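quick one, fold the following:
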Amino acid sequence: MKSESRICYELTLTSSYVSNWTFCDAIRELIQNGIDQETIDPTNEFTLEYDEMNQSLKFINTKSKLNINTLLLGKTSKSNNDATVGQFGEGYKIATLVLNRLGKTFTIYNNMKKEVWESRFKNSEKWKEKILAFYVSKVDTTDTGLVIEVGNVTSDEYYEIADVWINFDNNYDYVKKAHTKYGDILMDESYQGLVFVNGLSIDYSGELHYGYNFKPQYIRLERDRKTCDSWNAKIVTSKMIAEAMISGEVEPEVVRKLVEQDTDDIYQMDIITENGNVKKLLIEEFDKEHTKPFSVPVGNDEQFRRVKALGGYPVIVPYRVAKVLASETDERIEELVNMPMSSGLTLAQKFERWISIYADSLSDNAVNELRELVNELE
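Got it, this is the predicted structure:
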């Protein structure tokens, strides 16, 4: 490999930029670029290689290349593809800065352009600041693809990447999961509550029964690309659970338990209950546990009082269970309304039953006054 003279390209990034970024923050940007390139073109395979003896870490795409104008902030080599995460093309430049600041070397073998790019900080005469610069050399090479090599990476630092990338040790194919249009539901216990987008970990503030690996086009990431919109995530997990239940990859019985446990996985109940199996299972489970005659699932104090006044046995259930069983609750209350009045009721109980049946036809004031009169009878 023969090198010619180098050209220096100064970037308007000072050495203190993104001062809170860590080694893993920088590495996830490089992995993201590699994954995105493979997403755009599946034949452009992405791999990660570590040489412990030389303490070098390589990010390899078999068909990628970089144009020099990608060094401009806001310029990207990616197409306008919503199946990728990157949007601004700043990732690898900022990653370079952080890694150089941490004492790592950073070299890009841009083989398709027959170039080698090396980065380091320099004192800029133009800007009077210490800034990041790339030195680009033309070389003779028969190698292909794009290789980004980061030097001075310890083995401990390398293994930290396992917390960032789900396919770190190439075992993602062996993870127990359910495939959906929106991504994968991760069913191994070791992934419980963990969230990934396109294989990279993100922060999620909530309680999840399963882990999830979302496809980028269905999830909204915050500007830092390391956190997601939790409301959006809960809607997408509900869609994933519903789809997996219909396909048979998640049992309806499991979904019933998720409903009862009130997990974020099934936050959007309307999506889940489009499949009648969940409602049927919840009703069957309720009737197994509550065998008293005229047991009725209720979700609030008003329903509790009404069922009791009508001679039924009200049972408070979790909010989401009550929401799923709302139509069943209404049917059972209607049955109680149409039942003959028991001769064993006191006059006060008869009035309370009457109020429960006809309260909707009365004003709130009238109902309250009647109840005060009933209390006097008692």
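
ok, which stretches of this protein are strands?
Here the chain has its strands, by DSSP state E, at 3-14, 46-51, 56-61, 105-110, 115-124, 129-139, 146-151, 177-180, 183-186, 195-197, 200-202, 211-214, 295-298, 313-316.

how far out from the middle of the chain is the fifth one?
So the one you mean is strand 115-124. Distance of strand 115-124 from the chain centroid (C-alpha atoms, centre = their mean, to the nearest Å) equals 37 Å.

one more: the first one?
Distance, stretch centre to chain centre, for strand 3-14: 39 Å (C-alpha atoms, centre = their mean).

list the buried residues of it.
For strand 3-14, a neighbour-count test (16 or more other C-beta atoms under 10 Å) marks Glu10, Leu11, Leu13 as buried. Every C-beta, even on glycine, is put in place using the N, C-alpha and C of the backbone.

and what of the second one?
By 16+ other C-beta under 10 Å, the buried positions in strand 46-51 come out as Phe46, Leu48, Tyr50.

residue contacts, the last one?
Pointing back at Tyr50 there. Neighbouring residues of Tyr50 by C-beta atoms under 8 Å, 6 or more residues apart in numbering: Ser56, Leu57, Lys58, Val153, Ser155, Tyr158.

among those residues, find me the one that's closest to Thr22.
Closest approach between those and Thr22, by C-beta to C-beta: Val153, at 13.3 Å.

what's the local residue count around the closest one?
Per other C-beta atoms under 10 Å, the neighbour tally for Val153 reads 25.

what segments of this protein are helices?
Under the criterion DSSP state H, the chain carries helices at the ranges 23-40, 91-101, 155-160, 230-247, 252-261, 269-272, 276-289, 301-309, 319-324, 326-338, 347-358, 364-377.

what does the pLDDT read for the residue nearest to Lys176 when sequence neighbours are not counted?
Nearest residue to Lys176, sequence neighbours excluded (C-beta to C-beta, 6 or more residues apart in numbering): Met187, at 4.5 Å. The score at Met187 is 96. That number is its pLDDT.

doesn't His179 make contact with Met187?
No - Met187 is beyond contact range of His179, at 11.1 Å (criterion: C-beta atoms under 8 Å).

so the two - more neighbours on which side?
Per other C-beta under 10 Å, whichever of Met187 and His179 has more neighbours is Met187, with 18 against 13.

got a list of what the more buried one touches?
Contact partners of Met187, counting by C-beta under 8 Å, 6+ apart, are Lys176, Lys177, Ala178, Tyr210, Gly211.

which residues does the last one bridge with?
If I follow you right, that is Gly211. Leu186 (DSSP bridges).

kindly report the same for the third one.
For Ala178, the beta-bridge partners are Ile185 (DSSP bridges).

Ser247 versus that one, what's the distance?
Distance of Ala178 to Ser247, given as C-beta to C-beta, to the nearest Å: 8 Å.

now do the last one
Distance of Gly211 to Ser247, computed by C-beta to C-beta: 18 Å.

so which of the two has more stuff around it?
More crowded of Gly211 and Ser247, by other C-beta under 10 Å: Gly211, with 23 against 11.

wait, the more buried one touches Leu194, no?
Yes - between Gly211 and Leu194 there is a contact under C-beta under 8 Å: 4.2 Å.

and for these two, which residues touch both?
Joint contacts of Gly211 and Leu194 (C-beta under 8 Å, 6+ apart) are Leu186.

skipping its backbone neighbours, what lies nearest Lys234 in space?
Tyr267 (3.7 Å).

what do you get for Gly103?
Closest residue in space to Gly103, ignoring its immediate chain neighbours: Asn152 at 5.8 Å, by C-beta to C-beta, 6+ apart.

quick revisit: drop anything exposed from the contacts of Tyr50.
Ser56, Leu57, Lys58, Val153, Tyr158.

how far off centre is stretch 281-301?
For stretch 281-301, the distance to the chain centre is 34 Å (C-alpha atoms, centre = their mean).

got the end-to-end distance for that stretch?
Distance between the two ends of stretch 281-301: 25 Å, counting by C-alpha to C-alpha, to the nearest Å.

give me the contact list for that stretch.
Identification of contacts with stretch 281-301 by C-beta under 8 Å, 6+ apart yields 252-253, 255-256, 259-260, 303-304, 307, 311-317, 319, 321-326, 328-329, 332-333, 335-336.

do the same with stretch 130-143
Residues outside stretch 130-143 that contact it (C-beta under 8 Å, 6+ apart): 1-15, 68, 71, 93, 96-97, 100, 109, 111, 114-124.

and that stretch, what's buried?
By neighbour count on 16+ other C-beta under 10 Å, the buried set for stretch 130-143 is Ile131, Leu132, Ala133, Phe134, Val136, Ser137, Val139, Thr141.

on that earlier part again, CSV please, covering the buried residues of strand 46-51 and showing pLDDT and distance to Val236.
As requested, the buried residues of strand 46-51 are exported to CSV (pLDDT from 0 to 100; distance: C-beta to C-beta, whole Å):
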residue, pLDDT, distance to Val236
Phe46, 95, 25
Leu48, 96, 28
Tyr50, 97, 33
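
great, nothing more from me.
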